[in-house]
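Asker: Task: produce atomic coordinates for the following.
(2 chains)
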Amino acid sequence: MTTHIQSEKVRNRMKRRVALNKGLSGVFLLATMFGVFVLAVLFYQILTEGMPYINLDFLTGKLSTMPERAGIMGAILGTLWLMAVVIPVTIVLGVGTAIYNELYAKEGKLQNIIQTNISNLSGVPSIVYGILGMTIFASLLKLGSVVLAGGLTMSLLVLPIVIVSSQEALRAVPSYLSEASIGLGATKWQTIKNIILPAALPGILTGAILALSRAIGETAPLVVLGIPALLLPFPGGLFDRFTVLPMQIYYWTLDASLVAEYQFLASATIIVLLAMLFILNGTAIVIRNKFQRRY
Amino acid sequence: MIENNKESTSTVRVKSMIEQNRQRQSFRAVSEKAVPTVLLVIALISILTTIGIVFVLITETFEFFNRVSLVEFFTGTVLRPLSQDPKFGILPLINGTIISSAIAMFVAGPIGMMTAIYLSEYASDKARRVLKPVLELLAGIPTIVYGFFAFTFVTPFLRQFIPEMSATNILAPGLVMGVMIIPMIASLSEDAMSSVPNAMREGALALGSTKLEVTFKVIIPAAFSGIVAAFVLGISRAVGETMIVAIASGSSKNFTFDITQSMQTMTAYVVEVAGGDASPGSTIYYSLYAVAMTLFMFTLLMNILARYIARRFREEY
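Answerer: Numbers count the residues shown, from 1 in each chain, chains lettered A, B, ... in the order given. Below you'll find the model as predicted:
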């Protein structure tokens, strides 16, 4: 029995396979560019609609029902106040939990429970955190829709992000650093405080900033908390009522069917919000590139 | 005399130094003991959060089911919380949630997957270095911005082709939600595919496969568990997404399958009721918790399932 290769057939098949590979690689590239394309359209729409409305009066003015006189200073201040609560709370709780889990907890049940719990929490929809905040902070503790209630709710929401990134940062510190410190007679806490934490700080900060940018863009929990959009007085403390940029965007978008210009005000507010997010993320990237040491 | 004096001061110094050292050590011993305890308390706060969520949802949901029967809630196709004769059937909301998530996955599934294939198998290092941050940017945009985009751009755009489409509909937010989820599916799938060892790629290439054949016959089967987990997480994200649907899909509680019309999802219902004036104690107020509980259980199961798939079916190389 002789087997012989039909070279004509093989060549044709080969051509088809190579062509298919080429063709589909183009399709894959197109699919990847789709995301980029949508992003471009989104930015184009927001910039063309919103840019004409951005001026000093808009940024520093009070809210008004008249579109040409409306300003978003209150929402900007509210967002800053929210950050003032979220930053310390998430850093203390997040880094503390990460240190405990990575450096103190014994392998076993409790560590497992905490770890599983964190990954479950990170999958809980943000609106459920809103319901938690409304029930516990606003109603049960009788705080109402104030800065502190909103800040604590947002802190719980982004806590898993801070914990996970801090854990990764702590894990990345090489063990010879802490071994050298222990070998010189330092105690465990001294080693953590003076050696491990400083080495992990850039990673921790990067994670904390990313969590913060998630917190200031999030809207749903605040809607549930009953944060108003139409608020004239500026917030001045933890127990003041407040509103934030995303809430302002939400109400202006909903009311765009009533007053057409509200849509453009929403665009302008989105530009301000995105600018804040860019600054935050830019800072995170700078920290990551400048201070992160590879061991 | 002078010498003696000197000596005595120096002994005193040494003594006090020893004393100081001892004090410092005892302080150190205390802090050494106290720190782990303090950190444990902090770590338990995250568990307390979960307990808080479950407790709040269960107690209030329990109260709701004292007023509305389980059967009416889970099998009712009519949801009229505000009327004189209120009806609390959750099926319209579940229907809206499933349809919007299905539309989102219809966009995000294929495109996210193809993006992952491109980034993991085809893209040069240079292209990857540019494209990945752009996709991260897409993932970092607040959902409220996507909601704005769906309502003020995508819907008017689609209405040029489908004139009978209403101003609030489930199609536009579903599509935009899909775009929002692309980066998540792409990056999780790409992680799974990149972690397939290069030796397997090279082996298949050496046997004469094209890149496409390597991808579909070697890489994807090897990374399958990770890819499925990415899809499940994507669905869970779509189900829990709130602001896009709250803005762009309106508040119609009709039980319909027409994607050009307004529908409400579970999340949007919570936003509408909580943002409105549901007075505490009313049945509407408690329905908030029952809906949130359903949502919570659903996403929790999805996340557990994703973790189980990723762990159970992982191929180790």
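Asker: My guess is A:Val162 contacts A:Val89. True?
Answerer: No. Using Cβ atoms under 8 Å, A:Val162 makes no contact with A:Val89, being 9.7 Å away. Quick note: C-beta positions are derived from backbone N, CA and C, even for glycine.
Asker: Comparing those two, which residue is more hemmed in?
Answerer: Neighbour count, other Cβ atoms under 10 Å in any protein chain shown: between A:Val162 and A:Val89, A:Val162 has more, with 28 against 20.
Asker: does any bit of the helix or strand the more buried one falls within sit next to chain B?
Answerer: Using DSSP states H and E, A:Val162 falls within helix A:147-171. Yes. Interface with chain B: helix A:147-171 contributes A:Leu156, A:Leu159, A:Pro160, A:Ile163 (Cβ under 8 Å from any Cβ of the partner chain).
Asker: Could you check the pLDDT of the residue of the stretch 1-150 of chain B found nearest chain A?
Answerer: Nearest residue of the stretch 1-150 of chain B to chain A, counting by Cβ to the nearest Cβ: B:Pro142, 3.0 Å away. pLDDT, B:Pro142: 93.
Asker: pretty sure it contacts A:Ala215?
Answerer: No. Assessed by Cβ under 8 Å, B:Pro142 is found out of contact with A:Ala215, at 10.3 Å.
Asker: Of the two, which one has the most company?
Answerer: A:Ala215 (25 against 22).
Asker: Name the nearest residue to the more buried one, ignoring sequence neighbours.
Answerer: A:Met154 (4.4 Å; Cβ to Cβ, 6 or more residues apart in numbering or on different chains).
Asker: who's in contact with that neighbour?
Answerer: A:Leu82, A:Val85, A:Val86, A:Ala215, A:Glu218, A:Pro221, A:Leu222 (Cβ atoms under 8 Å, 6 or more residues apart in numbering or on different chains).
Asker: shaky segments in the chain?
Answerer: You didn't pick a chain, so chain A it is. A:1-3, A:230-232, A:292-295 (pLDDT under 70).
Asker: try again with chain B
Answerer: Counting by pLDDT under 70, chain B has low-confidence residues at B:1-12, B:277, B:315-317.
Asker: Would you map the strands across it?
Answerer: Secondary structure of chain B (DSSP state E): strands located at B:79-80, B:87-88.
Asker: could those strands be laid out in a markdown table, adding distance to B:Phe255 and mean neighbour count?
Answerer: Converted to a markdown table, the strands of chain B look like this (distance: least, Cβ to Cβ, whole Å; neighbours: other Cβ atoms under 10 Å in any protein chain shown):
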| stretch | distance to B:Phe255 | mean neighbour count |
| --- | --- | --- |
| strand B:79-80 | 8 | 18 |
| strand B:87-88 | 11 | 18 |
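Asker: Can I get these in TSV including distance to B:Glu63?
Answerer: TSV is the format used below for the strands of chain B (distance: least, Cβ to Cβ, whole Å):
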stretch	distance to B:Glu63
strand B:79-80	19
strand B:87-88	13
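Asker: For the residue nearest to the spatial centre of chain A, which non-adjacent residue is spatially closest?
Answerer: In chain A, the centroid-proximal residue (Cα atoms, centre = their mean) is A:Arg214; its distance is 2.1 Å. Leaving aside its chain neighbours, A:Arg214 sits nearest to A:Val158 (5.3 Å; criterion: Cβ to Cβ, 6+ apart).
Asker: And for the one you found, the neighbour number?
Answerer: When neighbours are defined as other Cβ under 10 Å, A:Val158 has 26 of them.
Asker: got it, and B:Gly281?
Answerer: Around B:Gly281 there are 9 residues (other Cβ under 10 Å).
Asker: Quick one: classify the residue nearest to A:Ser155 when sequence neighbours are not counted as helix, strand or coil.
Answerer: What sits nearest to A:Ser155 in space, not counting adjacent residues and going by Cβ to Cβ, 6+ apart, is A:Val89, at 4.1 Å. Put simply, A:Val89 is helix when judged by DSSP: H, G, I helix; E, B strand; the rest coil.
Asker: Tell me how far A:Val89 lies from A:Ile279.
Answerer: 21 Å (Cβ to Cβ, to the nearest Å).
Asker: Closest residue of the stretch 51-200 of chain A to chain B?
Answerer: A:Pro125 (2.9 Å).
Asker: which residues does that residue contact?
Answerer: Per Cβ under 8 Å, 6+ apart, neighbours of A:Pro125: A:Ala220, B:Val239, B:Gly240, B:Glu241, B:Thr242, B:Thr267, B:Leu295, B:Phe296, B:Thr299.
Asker: What residues sit buried inside stretch B:56-64?
Answerer: By neighbour count, with 16 or more other Cβ atoms under 10 Å in any protein chain shown as the criterion, the buried positions of stretch B:56-64 are B:Val56, B:Leu57, B:Glu60, B:Thr61, B:Phe64.
Asker: all helices of the chain, in order?
Answerer: Defaulting to chain A. Assigned by DSSP state H, the helices in chain A fall at A:7-50, A:56-60, A:73-99, A:109-121, A:126-133, A:147-171, A:175-183, A:188-191, A:197-217, A:220-225, A:245-254, A:261-291.
Asker: other chain: chain B
Answerer: Going by DSSP H, chain B shows helices at B:2-67, B:70-75, B:91-117, B:125-140, B:143-149, B:155-159, B:171-194, B:198-206, B:211-214, B:220-222, B:224-240, B:243-248, B:266-275, B:283-312.
Asker: Need the winner for burial among these.
Answerer: helix B:243-248 (a mean of 30; mean count of other Cβ atoms under 10 Å in any protein chain shown).
Asker: Go ahead and name everything in contact with it.
Answerer: Helix B:243-248 has contacts (Cβ under 8 Å, 6+ apart) with A:219-220, A:223, A:246, A:250, A:253-254, B:96, B:100, B:143-144, B:146-148, B:150-151, B:154-155, B:168-170, B:172-173, B:176-177, B:180, B:264-265, B:267-268, B:271-272.
Asker: Work out the gap between it and the centre of the chain.
Answerer: For helix B:243-248, the separation from the chain centroid amounts to 16 Å (computed by Cα atoms, centre = their mean, to the nearest Å).
Asker: for stretch B:189-203, same thing?
Answerer: Centre to centre, stretch against its chain (Cα atoms, centre = their mean), the figure for stretch B:189-203 is 26 Å.
Asker: Would you mind pulling the contact partners of it?
Answerer: B:112-113, B:115-117, B:119-121, B:214, B:218-220, B:222-223, B:225-227, B:229-230, B:317.
Asker: switch the cut-off to 7 Å
Answerer: B:112-113, B:116, B:119-120, B:214, B:218-219, B:222-223, B:226-227, B:230, B:317 (Cβ atoms under 7 Å, 6 or more residues apart in numbering or on different chains).
Asker: What residues does the stretch 51-200 of chain A have near chain B?
Answerer: Taking Cβ under 7 Å from any Cβ of the partner chain as the contact definition, the stretch 51-200 of chain A meets chain B at A:93, A:96-97, A:99-101, A:104, A:113-114, A:117-121, A:123-128, A:131-132, A:134-136, A:139, A:156, A:159, A:163, A:187-189.
Asker: which of those are buried?
Answerer: By neighbour count, with 16+ other Cβ under 10 Å, these hold A:93, A:96-97, A:99-101, A:104, A:114, A:117-118, A:120-121, A:123-128, A:131-132, A:134-136, A:156, A:159, A:163, A:187-189 as buried.
Asker: re the thing from before, of the contacts of A:Pro125, which is the nearest to B:Arg159?
Answerer: B:Glu241 (22.6 Å; Cβ to Cβ).
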